[in-house]
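Asks: Can you look at this prediction? I've put the sequence above it.
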Amino acid sequence: MKIKTYIADNVQEALYKVKSEMGRDAIILQTRKIKTGGIFGLFGKTKVEVIAACELEPKKSIESSINLTLPRINMKASESMFNYAENINPTKSSIEENQIEGIKNELQEVKRLIKEIYDNKDSSSKTGLKKAKSFQTLIERLTSMEVKDEVIKVIIDNIKKDSSGNNSKILMENAKNEIIKMINQPEPIKIKETPAKIALIGPTGVGKTTTIAKLAAHYSLNEGKKVALITSDTYRVGAVSQLKTYGELLEIPVEILYEPKEASNILKKLNGYEIIFYDTLGTSPKNKIFLKKIKNIIEAIEPTELHMVISATTKTSEVENILENYKDLNYNKLLFTKIDETNIYGLILNAVYYSKCCLSYITTGQNVPDDIEVASPVKIANLLLGESDNA
């Protein structure tokens, strides 16, 4: 008796394989759906598994004397086959008992072999399932944080070899370390030359102006630096007056830049200042005309650092488009605002992964200058995994 397992995309394809290899008299022992590929059984593709059996060398003497052909069985496994053999009631006196017994023995052997096959498969499946379950909690957590599938796969692939399949604590610790490594060390403002020219770009409403006020206050009041502000956000109602109010409170100058050609004179006017913050026009990432205008002014300013500002409340699906549409401006750092206004933090990890840029700061409220801090990879990893903040 020959037994073989066939795997195909559908039942029709599997039966075709059986018929092609074993012939028309093959017996179908079992049909079931299985998962193949993926990570520990997750993200796998559904296929059909068929187990079939046939005689290696058909016994002509038995067939001719019994004049009985085994039926094709389209039911689960050998139990039905065995019951069939048990109920055979020969009516011809020419059928010998030992021939019937031989058929029963062969069917009993089929049953034993199938049980052995499935015992081995069950053991292997349980091991894989155990590992899959240990990763399931992590995958579900990252998915709930709206981390992209591609990013989750990178994390899982990097930690699965080093993680104990049964120890969720070790698994989460390894996941945390992998996220920290993926985020990399933050890069806050560095004053390598004077004046350091720090520009903030980003869509309308992400909080660029308030963030500039926080940074200006920090470097003016806490670091004792000589700070100045430039704005070209003359389209948004109240933007200039808002920045001027901050300037008056901090006793620092605020200059308005309307055209790129004015940049040279304004920078000369601010000669002697150690750090200049530039507040750009906020616009839709799809507005190519305004993006071109921003690019022209940035090229005239020649900032030493260009921070891409994204609100943590932005839809995850939109972050990639924002990064893509602003890439011609050549930003080199990411700054996330409004961390306090959301419980979903996956877009931070997604943005770092897709942009290949380091984080600089995160903001956690409206208070100037308090609610801003250097981005902490540990804090972000804790937020993503739902752990307490130890950063």
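Replies: Done, it's in.
Asks: Neighbours of the nearest residue to Leu323 once chain neighbours are set aside, how many?
Replies: Leaving aside its sequence neighbours, Leu323 sits nearest to Ser355 (C-beta to C-beta, 6 or more residues apart in numbering; 5.1 Å). Glycine gets a C-beta too; all of them are placed from N, C-alpha and C. Ser355 has 21 neighbouring residues, counting by other C-beta atoms under 10 Å.
Asks: From Val319, how far off is Ser355?
Replies: Remark: distance between Ser355 and Val319 (C-beta to C-beta, to the nearest Å) = 9 Å.
Asks: again, but for Leu243
Replies: 26 Å.
Asks: Between these two, point out the one with more neighbours.
Replies: Between Leu243 and Val319, counted using other C-beta under 10 Å, the more crowded position is Leu243 (25 against 21).
Asks: Next up, the contacts around the more buried one.
Replies: 209, 212-213, 229, 231, 233, 254, 279 (C-beta atoms under 8 Å, 6 or more residues apart in numbering).
Asks: all strands for this protein, in order.
Replies: Under the criterion DSSP state E, the chain contains strands at 2-8, 27-36, 45-54, 196-201, 227-231, 254-256, 275-279, 305-311, 333-337, 358-363, 372-374.
Asks: Export the ones you listed as a markdown table, with columns for mean neighbour count and mean pLDDT.
Replies: As requested, the strands of the chain are exported to a markdown table (neighbours: other C-beta atoms under 10 Å; pLDDT from 0 to 100):
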| stretch | mean neighbour count | mean pLDDT |
| --- | --- | --- |
| strand 2-8 | 15 | 85 |
| strand 27-36 | 16 | 79 |
| strand 45-54 | 18 | 83 |
| strand 196-201 | 24 | 94 |
| strand 227-231 | 25 | 93 |
| strand 254-256 | 18 | 91 |
| strand 275-279 | 25 | 94 |
| strand 305-311 | 23 | 95 |
| strand 333-337 | 26 | 96 |
| strand 358-363 | 23 | 96 |
| strand 372-374 | 17 | 94 |
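Asks: Dump the ones you listed into TSV; add distance to Val147 as well.
Replies: Output for the strands of the chain, formatted as TSV (distance: least, C-beta to C-beta, whole Å):
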stretch	distance to Val147
strand 2-8	32
strand 27-36	22
strand 45-54	22
strand 196-201	25
strand 227-231	35
strand 254-256	40
strand 275-279	31
strand 305-311	16
strand 333-337	15
strand 358-363	16
strand 372-374	22
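Asks: of these, which approaches Val110 most closely?
Replies: Proximity to Val110 (C-beta to C-beta) singles out strand 45-54 among these, at 6.0 Å.
Asks: That closest one - contacts with which helices or strands?
Replies: strand 2-8, helix 11-22, strand 27-36, helix 97-144 (3 or more C-beta pairs under 8 Å, 6 or more residues apart in numbering; DSSP states H and E).
Asks: Quick check: can you list the domain ranges of the protein?
Replies: According to automatic domain parsing, the chain comprises the domains 2-91, 196-375.
Asks: Point out where the stretch 1-150 of the chain drops to low pLDDT.
Replies: Counting by pLDDT under 70, the stretch 1-150 of the chain has low-confidence residues at 38-44, 56-99, 102, 106, 109, 113, 115-134.
Asks: which residue packs closest to Tyr331, ignoring adjacent ones?
Replies: Met308 (3.8 Å).
Asks: Pull the contacting residues for the one you found.
Replies: Per C-beta under 8 Å, 6+ apart, neighbours of Met308: 201-202, 323, 326, 331, 333-335, 355, 357.
Asks: cool, and Lys176?
Replies: 378, 381-382, 385, 387.
Asks: Drop anything exposed from the residues you listed.
Replies: Among the contacts of Lys176, those classed as buried by 16 or more other C-beta atoms under 10 Å are 378, 381-382, 385.
Asks: which among those residues gets closest to Asp9?
Replies: So of the buried ones among the contacts of Lys176, ranked by how close each gets to Asp9 (C-beta to C-beta), first place is Leu385, at 37.3 Å.
Asks: The closest one contacts Asn177, doesn't it?
Replies: No. The criterion here is C-beta atoms under 8 Å, and Leu385 misses it with Asn177 at 11.0 Å.
Asks: Lys160: how many residues sit nearby?
Replies: Neighbours around Lys160, by other C-beta under 10 Å: 16.
Asks: One more: Met1?
Replies: If we define neighbours as other C-beta under 10 Å, then Met1 has 12 of them.
Asks: Could you do the one 10 residues further on as well?
Replies: Burial of Val11, expressed as a neighbour count using other C-beta under 10 Å, amounts to 13.
Asks: Adding distance to Ile156 and pLDDT, write the contacts of Lys176 out as JSON lines.
Replies: Formatted as JSON lines, these follow (distance: C-beta to C-beta, whole Å; pLDDT from 0 to 100):
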{"residue": "Val378", "distance to Ile156": "20", "pLDDT": "95"}
{"residue": "Ala381", "distance to Ile156": "15", "pLDDT": "95"}
{"residue": "Asn382", "distance to Ile156": "19", "pLDDT": "95"}
{"residue": "Leu385", "distance to Ile156": "14", "pLDDT": "92"}
{"residue": "Glu387", "distance to Ile156": "18", "pLDDT": "77"}
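Asks: Which members of the residues you listed are positioned in helices?
Replies: 378, 381-382, 385 (DSSP state H).
Asks: now, among the residues you listed, which is nearest to Gly23?
Replies: Nearest member of those to Gly23, counting by C-beta to C-beta, is Leu385, at 56.3 Å.
Asks: Spit out the contact partners of the closest one.
Replies: 141, 172, 175-176, 179.
Asks: just these: which has the poorest pLDDT?
Replies: Of all the contacts of Leu385, Met172 carries the smallest pLDDT score, 86.
Asks: what's the neighbour count on that residue?
Replies: For Met172, using other C-beta under 10 Å, the count is 18.
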